[in-house]
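J.: next input, structure requested:
(3 chains)
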Amino acid sequence: MPELPEVEIVKQSLDKKIKFKKIQKVLVRNRNLRFKIEPKFEKKINNKKIKKITRLSKYLIIHFSDCTYCLIHLGMSGTIHLLEKNRKNYNTNTSFYSFEKLPKKHNHIEINFHKIKVIYNDPRRFGFIKFFENKNDLSYFFKDLGPEPFSNSFDINYIHKKFKDKNKNIKNFLLDQKFVSGIGNIYASEILFLCKINPSKKAKDLSKKDCKKIIYFSKYVLKQSIKKGGSSIRDFKNTEGNSGKFQKEFRVYQRENLNCFKKGCNGIIKKKNITNRSTFFCDTCQN
DNA sequence: AAGAGGCCCTGATAGC
DNA sequence: TGCTATCAGGGCCTCT
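T.: Next up, the predicted model:
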């Protein structure tokens, strides 16, 4: 589920529903996420008041009123569920926000507020949650993270410098969070299709024009997806319990053997493994 | 040092 | 039905 647009949708719903609320109780059922949840985690965040929720690339950041922080990464299969009291589904197995049905298993963390609870579910446990005492520690955690596609520093000079003499293919570059952060496996394929760049092409072989297209379409695809409420493959639902709609706009992802959408192109969409991630592209119009 | 590949983990689905 | 293999939206670590 979670690339930048999906995390943005979750962020919006969290900010809307728990901002200014105070944590009343924290329950951790399984501490073994990507990083082990520290023993004092519950104690540390209990009674804290939420100042706001922000997002950085694929990370959710909970800002507490005392200038401490809680970082959440959803990994591959993490989902956030909001259950509201005064809704008939509270304390049942049906959540009102984010998902219609709260999964039966893997609800690892539960954070209770007045009349609302936030549940972190993650079957594969590639995600994590982590507390930070101050802004310095938080910044240090992000020290190697590349700019978001929306950032002004993701410009032609930056890209050109990074691509110089690099044999790595462009698809891998887009997935490398140290280069640019927020793009995942779905959007990497989608962006390169719009750029008309073959995903296997070596970064050093890209022209300045190619680089400009990458800047433009990275922003474009992610913004479009956010507008559509993200991509719903599997059960992802947005804040209102509705599915995202961007998956309907996929031009290549999961479209193996189907016709290329580009006007005048007779190509067929191909699927190819690039460093163990499936990659979709049209080998006729993406050169 | 860059770049490829393994690995963490569970669940859904396809094929026999 | 039940087994096995393959694949999933991520990213860290290791090896060459």
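J.: need the contact list for residue A:2.
T.: For residue A:2, the contact set (Cβ atoms under 8 Å, 6 or more residues apart in numbering) comprises A:10, A:58, A:74, A:75, A:76, A:78, A:184. Placement of C-beta: from N, CA and C, glycine included.
J.: give me the spatial nearest neighbour of the closest residue to DNA strand B within the stretch 151-287 of chain A, chain neighbours excluded.
T.: Nearest to DNA strand B in the stretch 151-287 of chain A, going by Cβ to the nearest atom of the strand, is residue A:167, at a distance of 3.5 Å. The spatial neighbour of residue A:167 that comes closest, neighbours along the chain excluded (Cβ to Cβ, 6 or more residues apart in numbering), is residue A:202 at 5.3 Å.
J.: bridged to the one you found, which residues?
T.: On the basis of DSSP bridges, residue A:202 is bridged to residue A:169.
J.: my guess is it meets residue A:171, correct?
T.: No - if you go by Cβ atoms under 8 Å, residue A:202 and residue A:171 don't touch, sitting 10.7 Å apart.
J.: look at the two and report which has more neighbours.
T.: residue A:171 (25 against 15; other Cβ atoms under 10 Å).
J.: right, and that one touches residue A:203 too?
T.: No - look at residue A:171 against residue A:203 with Cβ under 8 Å: they stay out of range, at 9.9 Å.
J.: which among the contacts of residue A:2 gets closest to DNA strand B?
T.: Distances from DNA strand B to the contacts of residue A:2, taken by Cβ to the nearest atom of the strand, are shortest for residue A:76, at 7.1 Å.
J.: and the residue of the stretch 101-250 of chain A at minimum distance from DNA strand C, how far is that from residue A:5?
T.: Among the residues of the stretch 101-250 of chain A, residue A:184 lies closest to DNA strand C, at 2.0 Å counting by Cβ to the nearest atom of the strand. Separation of residue A:184 from residue A:5 (Cβ to Cβ, to the nearest Å): 10 Å.
J.: quickly find the element holding residue A:72.
T.: strand A:69-73 (DSSP states H and E).
J.: is any part of that strand close to DNA strand C?
T.: Yes - counting by Cβ under 7 Å from any atom of the strand, DNA strand C is contacted by strand A:69-73 at residue A:73.
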